[in-house]
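In: from the sequence below, what's the structure:
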Amino acid sequence: HFVDNANALIELLNHTGTVISRSSALSLVQEKCQAITVQDMDIYTTEKHEDEVLNHFKGKKVYESMLEVAKKKEYGNSTISKIYKLSKGEKEVDLIVSDWSCALAPILQFHTTAVMNYIN
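Out: As a prediction, this is how the structure comes out:
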């Protein structure tokens, strides 16, 4: 499990407009239990809610921060301002922070958007 309290995570998603993406989003709605083994989860949020979302994962010392990556200048068109890489044992969470007012903006920039999964 990525979180001990799924209801608190859903509340956070609703309150902040944060979204979960990639295979971890698909696994949440998969009919067959454990049909997909997921070791990492991508979470997209905005700068406005960055601290709140980060504190949700790090606040109870459940996740440790492995790395913080700032926006690279060569990615001038990117809506990503920062990425936090968090870990808890073998589980990893990438918190992708957008400098736009919509957390979906970075997801829509990927070339595989048509097959991208996300949960809001």
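
In: just say helix, strand or coil for the residue positioned nearest the centre of the chain.
Out: Centroid-nearest residue in the chain, with C-alpha atoms, centre = their mean: Ile43, separated by 0.7 Å. Of the three states, Ile43 takes strand under DSSP: H, G, I helix; E, B strand; the rest coil.

In: okay, and the beta partners of it?
Out: Beta bridges link Ile43 to Ile20, Leu95 when assigned by DSSP bridges.

In: got a pLDDT number for the residue nearest to Tyr44 when sequence neighbours are not counted?
Out: Spatially, and ignoring its direct neighbours in sequence, Tyr44 is nearest to Ala103 (4.4 Å; C-beta to C-beta, 6 or more residues apart in numbering). The C-beta positions use only the backbone N, C-alpha and C, and glycine is treated the same way. Here the pLDDT value assigned to Ala103 is 92.

In: helix, strand, or coil at Ala103?
Out: Using three-state DSSP, the secondary structure recorded for Ala103 is coil.
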